[in-house]
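J.: For reference, the sequence and a predicted model appear below.
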Amino acid sequence: MNTNQPLAERLRPKDLKDYVSQTHLVGADGALTQQLKHGLIASMIFWGPPGTGKTTLAHIISATSGRPFYTLSAINSGVAAIREVIDKAKQSGGLFTTKNPILFIDEIHRFSKSQQDSLLQAVEKGWITLIGATTENPSFEVIPALLSRCQVYILNAFSKTDLEQLLERALTQDSILSKKNIVLKETNALLRLSGGDARKLLNIFELIINSSVEEHLEITDEFVLNKIQNNTVRYDKTGEQHYDIISAFIKSIRGSDPNGAVYWLARMIEGGEDVKFIARRLLISASEDIGNANPTALVIANNTFQAVTTIGYPEARITLSQCATYLACSPKSNAAYKAIGEAQQLVKQTGDLPVPLELRNAPTKLMKELGYGDNYKYAHNYTNNFANQEFLPKTIEGTKLYDPGNNSREDEQRRFLQTRWKHKYDY
């Protein structure tokens, strides 16, 4: 055992039975468990917060499946390095065996379009099995062509139980700490300082243990806070504050407080937060919290995203401030957000209900003979461009999913719907 290795590295699990958390992926019925069981490993992207085991999981997949393992970091790898690794992977058996080498790319969201393009052929031809890791939404950061060739798996933040299990494992299974007389009495401070990052948790734990010369050591919250000077508030773009501050930012907008919104915006800007991350959250808020109460909010948020992506810092701060204060001062409605949530829940409950025949297109003679499109009422042929007909499958007809909010714009929508559907829906 290398005593110079950090605790987090010494405790890194070698197989799934020692892997903590992510049971939806690695539990008995988990998606990755089944893939490994059948030996069919597809290219994939792991998306989740820092310290949730993305790199570890990639290593376990490689070891369990018996595949060669290559790794690149998006921070310091260019197209030439990618091609070099792909050539090595091809030579190691990618062309002649079903066990394609695995290429693991950490922080794949940092790859440029050209770098991601250079992976496409290797993934499509099966020369490599790609495993990417990212803390950012791959829908925005991975090019569509590459994303379509990969399965995205979400890794959840570790629960309190998961993190406490890691601490107990460190005390009982680590070859160094298990020899010490350590009693873990309280964990709240450790968990708060780690921000849910397992690697950070173990690093802090090891630091406070190594900083003490006492033979018998009792770990309490007070002891931890005395050892870790936490008086200076800093912004960690990949840790707890990243999520806490963006949460405060969005809640300030939702609560119609431009002062809170611009303060938390400043905290993120001063901390060097990714300008696109902030702009994406503004886009989401424009639909989730404002919606049809002020449709212009989405237009402004989308233009903000385009603008700040073009100009970057420091000038982007002005555009972000303009958008954030506009959204905070806008009327609010979550009616559209609630409607799609209820609709999705209904779909899950009722399954793939057939589309009514009158709503189907009939591009062929056979379809016309089968009644496709029969009895459909073309709205523009009727008074006020409206014909009373059913647009939902028969088993759920009459279900109201959208209920306009209480604001001037959506009051107009309500009045419009009342004149059309007064005999069917309660608007």
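T.: Great, that's in hand.
J.: secondary structure element for residue 104?
T.: strand 102-106 (DSSP states H and E).
J.: and that strand, what's its mean pLDDT?
T.: The pLDDT scores in strand 102-106 average 91.
J.: Show residues contacting it.
T.: Applying CB atoms under 8 Å, 6 or more residues apart in numbering, the external contacts of strand 102-106 come out as 41, 54-55, 58-59, 61-62, 65, 67-74, 77, 85-86, 89, 111, 119, 122, 128-133. In short, each C-beta sits where N, CA and C put it, glycine included.
J.: Check which element follows it along the chain.
T.: Next along from strand 102-106, by DSSP H and E: helix 113-125.
J.: just the angle between that next one and strand 102-106, please?
T.: 160 degrees (axes from the mean of the first three to the mean of the last three CA atoms, to 10 degrees).
J.: what comes up buried for helix 113-125?
T.: 115-116, 118-119, 122-123 (16 or more other CB atoms under 10 Å).
J.: In helices, which of the contacts of strand 102-106 fall?
T.: 54-55, 58-59, 61-62, 65, 85-86, 89, 119, 122 (DSSP state H).
J.: Highest neighbour count among those?
T.: residue 119 (28 neighbours; other CB atoms under 10 Å).
J.: can I assume it is in contact with residue 146?
T.: Yes. Counting by CB atoms under 8 Å, residue 146 is a contact partner of residue 119 at 6.1 Å.
J.: pretty sure residue 22 is touching residue 158, no?
T.: No. Applying CB under 8 Å, one finds residue 22 not in contact with residue 158, separated by 9.0 Å.
J.: intersection of neighbour lists for those two?
T.: Joint contacts of residue 22 and residue 158 (CB under 8 Å, 6+ apart) are residue 52.
J.: helices and strands of this structure: which one has the lowest mean pLDDT?
T.: helix 365-369 (a mean of 80; mean pLDDT, DSSP states H and E).
J.: next SSE after that helix?
T.: Taking DSSP H and E, what comes next after helix 365-369 is helix 408-421.
J.: Could you tell me how far the most centrally placed residue in the chain is located from residue 76?
T.: In the chain, the centroid-proximal residue (CA atoms, centre = their mean) is residue 137; its distance is 4.8 Å. Distance from residue 137 to residue 76, counting by CB to CB, to the nearest Å: 23 Å.
J.: And the helices in the stretch 101-250 of the chain?
T.: 113-125, 138-141, 144-147, 160-173, 188-194, 198-210, 221-227, 240-254 (DSSP state H, counting those that start in this stretch).
J.: can these go into JSON lines with extra columns for distance to residue 359 and mean pLDDT?
T.: What follows is the helices of the stretch 101-250 of the chain, written out as JSON lines (distance: least, CB to CB, whole Å; pLDDT from 0 to 100):
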{"stretch": "helix 113-125", "distance to residue 359": "37", "mean pLDDT": "89"}
{"stretch": "helix 138-141", "distance to residue 359": "30", "mean pLDDT": "85"}
{"stretch": "helix 144-147", "distance to residue 359": "30", "mean pLDDT": "92"}
{"stretch": "helix 160-173", "distance to residue 359": "48", "mean pLDDT": "91"}
{"stretch": "helix 188-194", "distance to residue 359": "53", "mean pLDDT": "86"}
{"stretch": "helix 198-210", "distance to residue 359": "50", "mean pLDDT": "88"}
{"stretch": "helix 221-227", "distance to residue 359": "62", "mean pLDDT": "85"}
{"stretch": "helix 240-254", "distance to residue 359": "37", "mean pLDDT": "86"}
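J.: between these, which one is nearest to residue 406?
T.: With distances scored as CB to CB, the stretch of the helices of the stretch 101-250 of the chain nearest to residue 406 is helix 240-254 (15.7 Å).
J.: can you list the weak-confidence ranges in this structure?
T.: 1-3, 92-98, 229-241 (pLDDT under 70).
J.: returning to that earlier point: and the residue nearest to the centre of the chain, what is it in contact with?
T.: 47, 280.
J.: ranges for the helices of the stretch 251-400 of the chain?
T.: Under DSSP H, counting those that start in this stretch, the stretch 251-400 of the chain gives helices at 258-270, 275-285, 296-311, 316-328, 335-350, 365-369.
J.: Indicate which one of those helices is closest to residue 385.
T.: The nearest among the helices of the stretch 251-400 of the chain, by CB to CB, is helix 335-350 at 22.3 Å.
J.: can you give me the angle the closest one makes with helix 275-285?
T.: Using the same axes, to 10 degrees: helix 335-350 against helix 275-285 is 80 degrees.
J.: Quick check: end-to-end length of stretch 5-13?
T.: 14 Å (CA to CA, to the nearest Å).
J.: How about stretch 277-297?
T.: End to end - CA to CA - stretch 277-297 spans 18 Å.
J.: Centre of the chain to that stretch, how far?
T.: Remark: stretch 277-297 is offset 18 Å from the chain centroid, using CA atoms, centre = their mean, to the nearest Å.
J.: Would you mark the buried spots in that stretch?
T.: 277-283, 285-294, 297.
J.: Could you export the buried residues of helix 113-125 as CSV, including distance to residue 6?
T.: Shown next, in CSV, are the buried residues of helix 113-125 (distance: CB to CB, whole Å):
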residue, distance to residue 6
115, 29
116, 31
118, 33
119, 30
122, 33
123, 33
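J.: Dump the helices of the stretch 101-250 of the chain into a markdown table; add distance to residue 418 as well.
T.: Formatted as a markdown table, these follow (distance: least, CB to CB, whole Å):
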| stretch | distance to residue 418 |
| --- | --- |
| helix 113-125 | 49 |
| helix 138-141 | 37 |
| helix 144-147 | 42 |
| helix 160-173 | 49 |
| helix 188-194 | 51 |
| helix 198-210 | 54 |
| helix 221-227 | 58 |
| helix 240-254 | 28 |
